[in-house]
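A.B. asks: For reference, the sequence and a predicted model appear below.
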Amino acid sequence: MDTNQWIWTVRRQTTPAPGGLTDKGTKGKRARKVPIVEEIRPLVAQRILSAGPNPDARLFTGPRGGRISTAVLRDATHWDNVVTKLGYEHLRRHDLRHTGLTWFADAGVQVHVLRRIAGHGSLTTTQRYLHPTYTRSRRPGPRSPHTSACCAHHARYRARSS
């Protein structure tokens, strides 16, 4: 973690495997540079202090200090209850990657920058993550990125449910 520029270099990921979780290189075996937004920097700084001097220490851990599994993440965020309450029972956490990249694009971040943030090897892959709305593309001027991304995802889930 570069706390001068607030860039997190991700070199490994934890994934499910036979017999439990395992660590492996990132998808595509390339390190990914992730910018840390100002709003969460204090939390990240606190986690860095908690992790200690070991550069290979996990920045975020599960409730007992181990890897964060899908089940731990689902339970900690009350995912099932939240999506049911919002009426998005089909929403997966991975869909939030689509939403985040769409919001960045709506805010004017260029697609080649989004490709690097997402860790994609090609612009084509990144473009598949973007869900601009028909209304957004026809209307000039600024519009809330939350509105267009939510509209796009809402349409996607209505189509999936039909």
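C.D. replies: Noted; the coordinates are in hand.
A.B. asks: So residue 59 is in contact with residue 52, correct?
C.D. replies: No. The criterion here is CB atoms under 8 Å, and residue 59 misses it with residue 52 at 10.9 Å. Heads up, the C-betas are built off the backbone N, CA and C, glycines and all.
A.B. asks: These two: which is more packed in?
C.D. replies: More neighbours surround residue 59 than the other of residue 59 and residue 52, with 12 against 8 (other CB atoms under 10 Å).
A.B. asks: tell me the contacts of that one?
C.D. replies: When contacts are counted by CB atoms under 8 Å, 6 or more residues apart in numbering, residue 59 is found next to 1, 8, 44, 47-48, 51.
A.B. asks: Quick check: it vs residue 99, distance?
C.D. replies: Per CB to CB, to the nearest Å, residue 59 is found 23 Å from residue 99.
A.B. asks: one step back: take the contacts of residue 59 and lay them out in a markdown table including secondary structure and pLDDT.
C.D. replies: Listed next are those as a markdown table, based on DSSP: H, G, I helix; E, B strand; the rest coil; pLDDT from 0 to 100:
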| residue | secondary structure | pLDDT |
| --- | --- | --- |
| 1 | coil | 86 |
| 8 | strand | 89 |
| 44 | helix | 94 |
| 47 | helix | 92 |
| 48 | helix | 91 |
| 51 | helix | 87 |
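A.B. asks: residues near residue 23, how many?
C.D. replies: By the criterion of other CB under 10 Å, residue 23 has 12 neighbours.
A.B. asks: next one: residue 91
C.D. replies: Residue 91 has 19 nearby residues by other CB under 10 Å.
A.B. asks: helix or strand for the nearest residue to it once chain neighbours are set aside, which one?
C.D. replies: Distances taken as CB to CB, 6 or more residues apart in numbering put residue 83 closest to residue 91, at 4.8 Å, once the chain neighbours are dropped. Using DSSP states H and E, residue 83 maps to helix 79-86.
A.B. asks: Before I go, just wanted to say thanks for your time.
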